[in-house]
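> predicted structure and sequence below. I'll ask about it afterward.
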Amino acid sequence: MPHARFLCLLMFLLLGGCASSLPQTAVLDPGEPASTIWLVYRDWHTSLLIDGEEFRQYSRQLQHDPRLARELAPALVVRVGWGDGDYFTGKSKTAGTATRALFASRHSAMQFIGYERDPLAVIPEDTRVSLRVSREGLAALVAYIDASLATNDGAALRYMPAYVENAGVFFESSKAYGLFNNCNTWTGEALSTAGLPVRSAFRLTPRSIFEQAQGIAAQQQLAQAAVAGP
């Protein structure tokens, strides 16, 4: 019986997380300097795309690891994601590892990929959405990413090897991965930190975050169109 109640609760939360809800307005003043970021989802994972020059401007962790600096120094666009340390890095892609990550994850990982060419050409349009954030919001977002990195004494980052090709570089994260704190809740928190009205609690699926971002993007586009006029 306790197991049945737990499964019912889990299904309720998952279905609630999938439900679409229109977020509060996140329209910036058209005259306010702003930056564009991208939310991308694939399968059960979400990640963020940030302008490379702006990321380097605001990140304080670049100087703490030469591997991260080499990956991102020439990048036109930086991709950032978060997940379970074993599954996300490709060390083990089994169903058992995925299940264990939900209940007993050993560690979590941050992924950084530096693109020297525009990656949007190879990312399906229906899996990405652009969002405008203020300069202060972008700085807060990058600070959130920096704070998600675990460090040793002396601020050295904890490097994690990648077990798949063309996956950028991985570093251990300071945040705990689990059933109610997965990559999608991390992404939702990141967007909220940037000043966007995204609700991340119990939003466990990529669609639950992506649909909120689509609503925000639609509001921002309408506001821009109203200023531009016919």
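Cool, the structure landed. Numbering: from 1, shown residues only.
> for the chain, give me the ranges with low pLDDT.
1-32, 101-102, 104, 154, 200-204, 228-230 (pLDDT under 70).
> elements contacting whichever helix in the chain runs longest?
Counting residues, the longest helix found in the chain (DSSP state H) is helix 206-228. In this structure, helix 206-228 packs against helix 2-18, strand 34-42, strand 45-51, strand 128-134, helix 183-193, with contacts taken as 3 or more CB pairs under 8 Å, 6 or more residues apart in numbering; DSSP states H and E. All C-beta spots, glycine's among them, are computed from the backbone N, C-alpha and C.
> list the buried residues of it.
206-217, 219-220, 223 (16 or more other CB atoms under 10 Å).
> and for stretch 68-81?
In stretch 68-81, counting by 16+ other CB under 10 Å, buried: 68, 71, 72, 75, 77, 78, 79, 80, 81.
> just the closest of those residues to residue 116, please.
Nearest to residue 116 among these: residue 75, at 6.4 Å, using CB to CB.
> and that closest one, backbone torsions?
phi -70, psi 130 (degrees, to the nearest 10).
> same thing with the one 10 residues further on?
The main-chain torsion angles of residue 85 are listed as degrees, to the nearest 10 and equal phi -60, psi -40.
> what count of nearby residues applies to the closest residue to it other than its chain neighbours?
Nearest in space to residue 85, with sequence neighbours left out and distances taken as CB to CB, 6 or more residues apart in numbering, is residue 107 at 3.9 Å. Neighbours of residue 107 under the rule other CB atoms under 10 Å: 18.
> surely residue 67 is in a strand?
No. Using DSSP: H, G, I helix; E, B strand; the rest coil, the assignment for residue 67 is helix, not a strand.
> what about it, distance to residue 151?
14 Å (CB to CB, to the nearest Å).
> next one: residue 56
Taken as CB to CB, the span from residue 56 to residue 151 is 19 Å.
> ok, now residue 86?
21 Å.
> out of these two, which sits in the busier spot?
residue 86 (23 against 16).
> does that one count as helix, strand or coil?
helix.
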